[in-house]
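Participant: Only the shape, not the letters, is given here:
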């Protein structure tokens, strides 16, 4: 479909209307971005609603102040409507998701002539399950439950999260429609261990067969999804949908135009999504829970029925898995070169080139066979229970029993499938990579690809006061094939945007990590900021390097000098431990000045910081990685960013180490090809905290002299925005 004149006029008029309605001026970078996205989407060859051109993405790096969200919305909505495709906007954070849904889309509709609808899509696990909540209250009221033995009852008092009063308040709020059942909309933060008790997943949900289906928070939120022009999701949900084959939660990729905002997170999100792990002792405890549940379930099933026979098969399969896990644990404990970090009480062992020792590989194969048998039998029982919901047929299991036990068995089935993913990954031949289609819901088939790095495989041994465990891990090292096969080759079109997509001024690192198609187009949008006039980047003459023993003491001496006279300072560390040590050393001499990101919830920390500044008092924020990217403190709330150390990756990260090993074997230099480009992206993000609007001013101080003392330092400096430089010699 060519970009027709009516569509061009609709986009141009919409942009003029928004500018006039909001009383803002057009930005050169924003206009460029609108034109590039509209042109890309318009050039996708269309054949009866199917893309026939080679896969291609549109990648746009646009810095703070460009107005990215308005640019891609105003360009993409008219084109998507003309193509009859759903526009799926995916973010990495809930904060940006909420901003788009609650501010940007309503603003665009209010101030433009564009007519469109939108909805928010979140995973099932973000919503209340009334069936689980009712069972939770029922369990606590009776003190015991024959039907739902898996709720872990705690002893919280009053209305604390997890107490009976808390769950009753939750029920009342949802029943009165004061709360919509969305975890993110509850007035306080709900701890994960509490929330897990009142939510569900696709394996445990009985869908239309549930007695609460008509008042279900998740399905209420999903009602508008099929009809909406714009669906706002997040990267995790998109990846979860792709893992289910695409189209299970969101529109099918072939019928969607995707916009990935905060796109630099996508490769790492994909790696996390397709990683797998099994904690051996914890899984054996879980198998005991399964056995207890089966004993409690047995009286509800008639003797001699298929369900009862399957119950017996599950018991046998669970014992086989338990024995296999015991053998793996014993071998891993006795035949691995563990070196404990006594402070963390952990030891890590990575298997070079992903190669497992021969005996461990044999034991993993046994565990795979045993776990596959458990998965099969649990799946059969889940099917038996689900069949009882069909009122048109006679069934051996009564509906009440099915309603009570289907979520329990579904939970066990889902967990066992997750375990099978690890064993399948550990049993794949090195050099194999996942294909574009799952062999089954739990296992991935693999195709030999000698040009791809082998998977990272590693073990972690942990000690507690009264227990110990060994957890086995597997992860792809690059997400390139996964994203290409599942997303780029199928999506009708996709735009990736962020303030930081280039590394050292090039898109090469993103192309390799995300597997972007050859035909993709790339654009860096110039910023409207006058960097040289607005800020300086300073490298003072600090006598030690971060690799020296005395660096922590040097920070303690230097930081008060740097924040003297400043009203709002952000100090960024790469190590939480070092941040706490420096805080402990300085806090007694500077009471009520330093706030660290660990002091309280992130939002509360930022709120206190801003309150201090509003009152005319100085405030210093200490933070680590998440504060180097995810905070927005415009104007007077931040005037000085101090970067204590260049943000190089932790050397013992097994995925990074596996990638470095592979690059070295191919004759490359992993430090220059991976470590430095990745550090450049993180450094640009950290520096990006300073200037948030065109009126902001301030300074960045870098205390890591390697940026001027090492050859690669110049590359990192040159990749920063063109601030005025002040470098002490």
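Facilitator: Thanks, I have the structure now. This is a predicted model, so every value here is computed, not measured.
Participant: Please make it C-alpha for all contacts and neighbour counts, starting now.
Facilitator: Fine.
Participant: pLDDT below threshold where in the stretch 351-500 of the chain?
Facilitator: Applying pLDDT under 70 to the stretch 351-500 of the chain flags the ranges 392, 430-451.
Participant: Look at the residue lying closest to residue 122 once chain neighbours are set aside and tell me its secondary structure.
Facilitator: Leaving aside its sequence neighbours, residue 122 sits nearest to residue 233 (CA to CA, 6 or more residues apart in numbering; 6.2 Å). Using DSSP: H, G, I helix; E, B strand; the rest coil, the structure places residue 233 in strand.
Participant: need the contact list for residue 233.
Facilitator: Residue 233 makes contact with 88-91, 97, 120-122, according to CA atoms under 8 Å, 6 or more residues apart in numbering.
Participant: Give me the distance between residue 558 and residue 508.
Facilitator: Applying CA to CA, to the nearest Å, the value for residue 558 to residue 508 is 37 Å.
Participant: Residue 95: neighbour count?
Facilitator: Look at residue 95: counted by other CA atoms under 10 Å, it has 10 neighbours.
Participant: quick one: secondary structure of residue 391?
Facilitator: Per three-state DSSP, residue 391 ends up coil.
Participant: Can you tell me how far it is from residue 366?
Facilitator: 41 Å.
Participant: between these two, who's got more neighbours?
Facilitator: With neighbours defined as other CA under 10 Å, residue 391 and residue 366 compare such that residue 366 has more, 21 against 9.
Participant: Find the nearest non-adjacent residue to that one, please.
Facilitator: Residue 366 sits nearest to residue 324 (CA to CA, 6+ apart), 6.5 Å away.
Participant: Mind pulling up the pLDDT for that neighbour?
Facilitator: Note on residue 324: pLDDT of 97.
Participant: you'd agree it is up against residue 367?
Facilitator: Yes. Contact criterion CA atoms under 8 Å: residue 324 and residue 367 qualify, at 5.2 Å.
Participant: neighbour count winner among the two?
Facilitator: Using other CA under 10 Å as the criterion, residue 324 and residue 367 rank with residue 367 on top: 27 against 21.
Participant: show me the contacts for the more buried one.
Facilitator: Going by CA under 8 Å, 6+ apart, residue 367 touches 321, 324-325, 423.
Participant: Okay, it and residue 429: tell me how far apart.
Facilitator: Residue 367 is 16 Å from residue 429, by CA to CA.
Participant: how about low-confidence regions in this protein?
Facilitator: Low-confidence segments of the chain, defined by pLDDT under 70: 1-2, 45-50, 139-159, 392, 430-451.
Participant: Which parts of the stretch 1-150 of the chain are strands?
Facilitator: For the stretch 1-150 of the chain, the strands defined by DSSP state E, counting those that start in this stretch occupy 46-47, 50-51, 57-62, 86-91, 118-120.
Participant: I'd like to know which elements the last one is packed against.
Facilitator: For strand 118-120, the helices and strands in contact under the criterion 3 or more CA pairs under 8 Å, 6 or more residues apart in numbering; DSSP states H and E are strand 230-234.
Participant: Which elements pack onto the helix or strand just after the strand it packs on?
Facilitator: As assigned by DSSP states H and E, the chain's next helix or strand after strand 230-234 is helix 235-243. In terms of contacts (3+ CA pairs under 8 Å, 6+ apart), helix 235-243 is packed against strand 86-91, helix 266-273.
Participant: highest average neighbour count across those?
Facilitator: strand 86-91 (a mean of 26; mean count of other CA atoms under 10 Å).
Participant: That one pairs with which strands, parallel or anti?
Facilitator: strand 230-234 (parallel), strand 256-261 (parallel) (DSSP bridges).
Participant: Those strands: which one's closest to residue 384?
Facilitator: strand 230-234 (33.9 Å; CA to CA).
Participant: The residue nearest to residue 276 when sequence neighbours are not counted: which element?
Facilitator: Residue nearest to residue 276 in three dimensions, not counting chain neighbours: residue 422, with 4.9 Å by CA to CA, 6+ apart. If you go by DSSP H and E, residue 422 is part of helix 399-427.
Participant: chain center to that helix: distance?
Facilitator: 23 Å (CA atoms, centre = their mean, to the nearest Å).
Participant: for it, packing partners?
Facilitator: If you count contacts as 3+ CA pairs under 8 Å, 6+ apart, helix 399-427 packs onto strand 276-279, helix 358-387, strand 444-448, strand 468-475.
Participant: in the longest one, what's buried?
Facilitator: What that stands for is helix 358-387. 360-361, 363-382, 384-387 (16 or more other CA atoms under 10 Å).
Participant: what's the answer for the last one, then?
Facilitator: Taking 16+ other CA under 10 Å as the neighbour-count basis, strand 468-475 is seen to contain the buried residues 469-475.
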